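After the sequence you'll find the predicted model.
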Amino acid sequence: MKSFRALVLALALVFTVGSCAAVVASLPKVIAIVSDASLILDAIDGFVSNVFKAKPDPELEKKVDTAIAKARLALAAANRTATGAENLSQSQLTEAFSDFRVAYQDVLALVGPLGVTTGNGPGNGLKAAPGTLQVPEPLALKF
């Protein structure tokens, strides 16, 4: 009886460790995507906060704040979905970040007139100048 319990426990441990390894294998990619998008949202948020200090527009500021909050929530949901999946496929990763992609486009539509642009391609990272902010395209949009 003891050997049967030991066998069951050993099998349970093997399957648990195997599934954890699959999740751990996808974590670096998910973490990179989430971190990248968070940093870009932080840059946009900081920039528009300064714009609204210089040129108050409470109605637009509320819309921008709401859109950024929605993008952050979608990013958090994508993070939970992606880090909880086993053997994460490219299509599952794409699906996990679909709500973020929509929310991010809404953010860009609101902050574009305030001086925020998206730079695509090599060498088009984060760049700021008086009255303008160029952010790179988030990794979450590239798949």
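The structure has been received and is ready for your questions. Numbers count the residues shown, from 1 in each chain.

Show me the shaky parts of the chain.
Residues of the chain meeting the criterion pLDDT under 70: 1-27, 85-88, 121-123, 143.

List the contacts of the residue nearest to the spatial centre of the chain.
In the chain, the centroid-proximal residue (Cα atoms, centre = their mean) is V34; its distance is 3.5 Å. V34 is in contact with L75, A78, N79, A140, counting by Cβ atoms under 8 Å, 6 or more residues apart in numbering. No exception for glycine: its C-beta is placed from N, CA and C like everyone else's.

Name the helix or strand for it, please.
Following DSSP states H and E, one finds V34 within helix 2-54.

sec struct for T118, please.
The three-state label given to T118 by DSSP: H, G, I helix; E, B strand; the rest coil is strand.

That one bridge partners, please.
V135 (DSSP bridges).

So it is in contact with T132, correct?
No: here T118 does not reach T132: they are 12.0 Å apart, not a contact under Cβ atoms under 8 Å.

now E61, nearest residue through space, not along the chain?
F52 (4.7 Å; Cβ to Cβ, 6 or more residues apart in numbering).

got it, and N79?
Once flanking residues are discounted, N79 sits nearest to V34: 4.8 Å by Cβ to Cβ, 6+ apart.

State the distance from the one you found to V135.
16 Å (Cβ to Cβ, to the nearest Å).

measure L108 to T81 for me?
Applying Cβ to Cβ to L108 and T81 gives a distance of 23 Å.

That should have said Q134, apologies.
30 Å.

who's in contact with A43?
L126, L133, V135.

do the same with V48
Counted by Cβ under 8 Å, 6+ apart, V48 has contacts E61, V64, V111, L114, V116.

Burial check on the fourth one, number of neighbours?
Applying other Cβ atoms under 10 Å, we find 20 residues neighbouring L114.

The closest residue to it other than its chain neighbours: how many residues sit nearby?
Distance criterion Cβ to Cβ, 6+ apart; nearest residue to L114, sequence neighbours excluded, is V51 at 5.0 Å. By other Cβ under 10 Å, 20 other residues sit near V51.

can I assume V51 is in contact with L110?
No: contact criterion Cβ under 8 Å: V51 and L110 do not qualify, at 11.5 Å.
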